[in-house]
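>>> sequence? don't have it. structure:
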């Protein structure tokens with residue numbers, strides 16, 4: 001690896017009688033431009049570029065993103081006496097690493113770190129035999145002292161004691177170079193941690209069962225609010241599906257919730273929970289089930305006398321996997337009703353076709369076509385009405401006019417010149 005050198009700059013600091021002088025934003029920008037305008041320039045309101053030459057051996061330019069408020073702290077850091085390497089010099093040093101491509105980038109949280117700046121991003125060309133993987137870029141203290149924990153505390157609870165809380169967290173959580181944890185592990189323990197993850201912490205008494213990700217096996221059907229179910233692995237990985245949920249506050253109703261994400265946790269040891277109706281659920285032993293008496297019990301702790309609550313079982317709308325003969329047949333299926341054509345050629349077209357089938361079923365059983373050519377569908381519950389509205393939109397039609405009349409929700413899809421009404 002080539003050595004990264006430091007270069008003296010025309011203006012290292014601003015002093016007044018040996019003391020650091022505070023500059024207003026206009027003075028700060030003027031001093032900054034006087035010292036560094038040869039190499040650092042602004043290209044839009046939040047983007048700045050550092051040209052090659054700002055430090056020796058730069059292979060690519062550097063780029064950083066700051067707004068007006070953040071810009072002041074970045075500039076001031078560069079203008080002060082260098083007891084450490086400022087962040088802008090650090091991202092420029094990174095631009096000299098062998099194999100770097102594009103730019104060395106500083107994100108808005110940029111500030112001085114160890115070697116790399118905090119918030120510094122760099123991409124290396126691994127086809128370049130001289131390219132490097134820098135431990136400083138990965139971060140030897142990555143996530144140092146960081147853990148995200150959900151609590152029931154509100155902002156109003158925390159605000160009066162936030163200083164004391166911060167001090168206690170700093171006191172009990174080891175952070176920084178040389179810090180030591182109360183938990184001491186050796187290399188054998190490290191292998192077990194890498195293999196078992198949070199399950200190791202549970203085995204050693206450092207975690208609670210609810211800390212673990214509760215997993216179900218691929219193929220487990222999840223009931224959606226539109227009346228079908230999907231295998232869990234076919235739900236949108238970034239979330240967004242409307243699924244049936246559980247709410248004690250809505251007794252007697254079936255509430256919905258928006259799915260957040262799907263995580264693939266790889267191969268895990270699982271158990272199979274056999275039910276009296278001959279169905280089964282395959283999941284990790286820590287996955288919890290709701291019992292009829294209101295308890296949450298881990299799968300591995302269930303007994304033959306426990307009665308568990310399961311959701312509604314809807315027909316599966318699973319997309320056939322590649323290589324499945326059903327997938328090949330489905331890909332060629334196409335049908336036209338009126339001026340609307342349905343197919344399963346793409347996931348979006350398949351979803352549209354499923355929506356039309358649901359609307360057709362509702363229309364035949366709980367709908368009507370009147371002499372005016374209007375198509376109406378009736379729903380007994382608001383959740384069903386919302387689901388039907390979504391299906392209408394999925395079919396490419398405008399949101400239907402919906403009203404509540406004599407204890408039912410009425411969806412009016414419009415006259416016969418509406419393509420969806422004609423198709424139905």
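Thanks, I have the structure now. Note that the structure is predicted; figures quoted are calculated from it, not measured.

>>> what's the distance between residue 383 and residue 224?
Per CB to CB, to the nearest Å, residue 383 is found 12 Å from residue 224. To be clear about C-beta, it is placed using only N, CA and C from the backbone, and glycine gets the same treatment.

>>> number of residues surrounding residue 299?
Neighbour count for residue 299, taken as other CB atoms under 10 Å: 21.

>>> I figured it hits residue 282, correct?
No. Counting by CB atoms under 8 Å, residue 299 sits too far from residue 282 to count as a contact (9.3 Å).

>>> for those two, list the residues in contact with both.
Common contacts of residue 299 and residue 282 (CB atoms under 8 Å, 6 or more residues apart in numbering): 271, 273.

>>> now residue 105: phi and psi?
The phi and psi values for residue 105, taken as degrees, to the nearest 10, are phi -110, psi 140.

>>> can you give me the strands in the stretch 51-200 of the chain?
Listed in chain order, the strands of the stretch 51-200 of the chain (DSSP state E, counting those that start in this stretch) span 62-65, 100-111, 118-124.

>>> and the second one, what's buried?
Of the residues in strand 100-111, those buried by neighbour count under the rule 16 or more other CB atoms under 10 Å are 100, 103-106, 110-111.

>>> just the closest of these to residue 133, please.
residue 100 (11.6 Å; CB to CB).

>>> which ones are touching the closest one?
Applying CB under 8 Å, 6+ apart, the residues near residue 100 are 59-60, 94, 122-125, 131.

>>> which residues pair with it across the strands?
residue 124 (DSSP bridges).

>>> model confidence for it, exactly?
Here, the pLDDT recorded for residue 100 equals 95.

>>> and residue 60, how far is that from residue 128?
Residue 60 is 13 Å from residue 128, by CB to CB.

>>> so for the two, which residue has more residues nearby?
For residue 60 versus residue 128, the count of surrounding residues by other CB under 10 Å is larger for residue 60: 17 against 12.

>>> residue contacts, that one?
Taking CB under 8 Å, 6+ apart as the test, what residue 60 contacts is 52, 95, 100-104.

>>> one step back: in CSV: the strands of the stretch 51-200 of the chain, plus distance to residue 338.
Putting the strands of the stretch 51-200 of the chain into CSV (distance: least, CB to CB, whole Å) gives the following:
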stretch, distance to residue 338
strand 62-65, 51
strand 100-111, 52
strand 118-124, 52
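
>>> quick one, which of those strands gets closest to residue 79.
The nearest among the strands of the stretch 51-200 of the chain, by CB to CB, is strand 100-111 at 14.7 Å.

>>> now stretch 138-157: mean pLDDT?
70.

>>> got it, and stretch 342-359?
83.

>>> where does residue 32 sit, in terms of helix or strand?
Per DSSP states H and E, residue 32 falls inside helix 25-36.

>>> helices or strands next to that helix in the packing?
Helices and strands touching helix 25-36, by 3 or more CB pairs under 8 Å, 6 or more residues apart in numbering; DSSP states H and E, are helix 68-79.

>>> looking at the strands of the stretch 51-200 of the chain, which is nearest to residue 205?
When the strands of the stretch 51-200 of the chain are compared (using CB to CB), the closest one is strand 118-124, at 33.9 Å.
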